[in-house]
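Undergrad: Whatever this is, show me its structure:
(one chain, ligands or ions: 1)
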Amino acid sequence: MLFGDRGPMKTIIDREKMILLKTCAACDRPFNLGDPVVMACGAWEGPPKLIHENEAVFDPASGTYIERKCYSARNR
Ligand SMILES: [Zn+2]
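TA: Reported below is the predicted structural model:
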């Protein structure tokens, strides 16, 4: 997957990604053109997915983004 110039795990929804991804794994809402998104791990099965940037937390320990809900559950 290609990423823009916002960093290794950050990108912005373009037309191609909007068609490919359809909805956000974190909030189940459809993506809009220009939405800032990050590659994040979450409560879902399988590999990291692109979700809205404001629904993810950067975890400095692992150097990855984690879905906010998942992150707070892990650190309880
Ligand atoms: Zn979302």
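Undergrad: is any part of the worst-scoring helix or strand of the chain on mean pLDDT close to the ion?
TA: Least confident helix or strand, the chain: helix 68-74 with a mean of 84, by mean pLDDT, DSSP states H and E. No - judged by Cβ under 5 Å from the ion, helix 68-74 stays clear of the ion, getting no closer than 10.0 Å. Every C-beta, even on glycine, is put in place using the N, C-alpha and C of the backbone.
Undergrad: Report the buried residues of that helix.
TA: By neighbour count on 16 or more other Cβ atoms under 10 Å, the buried set for helix 68-74 is 68, 70-71.
Undergrad: Give me the neighbour count for residue 9.
TA: By other Cβ atoms under 10 Å, the residues close to residue 9 number 18.
Undergrad: List of residues touching the least confident helix or strand of the chain?
TA: Outside of helix 68-74, the residues that reach it under the criterion Cβ atoms under 8 Å, 6 or more residues apart in numbering are 26, 41-43, 55-57, 59, 66.
Undergrad: Which one (most neighbours) among those?
TA: Counting neighbours by other Cβ under 10 Å, the top entry in the contacts of helix 68-74 is residue 56, with 27 neighbours.
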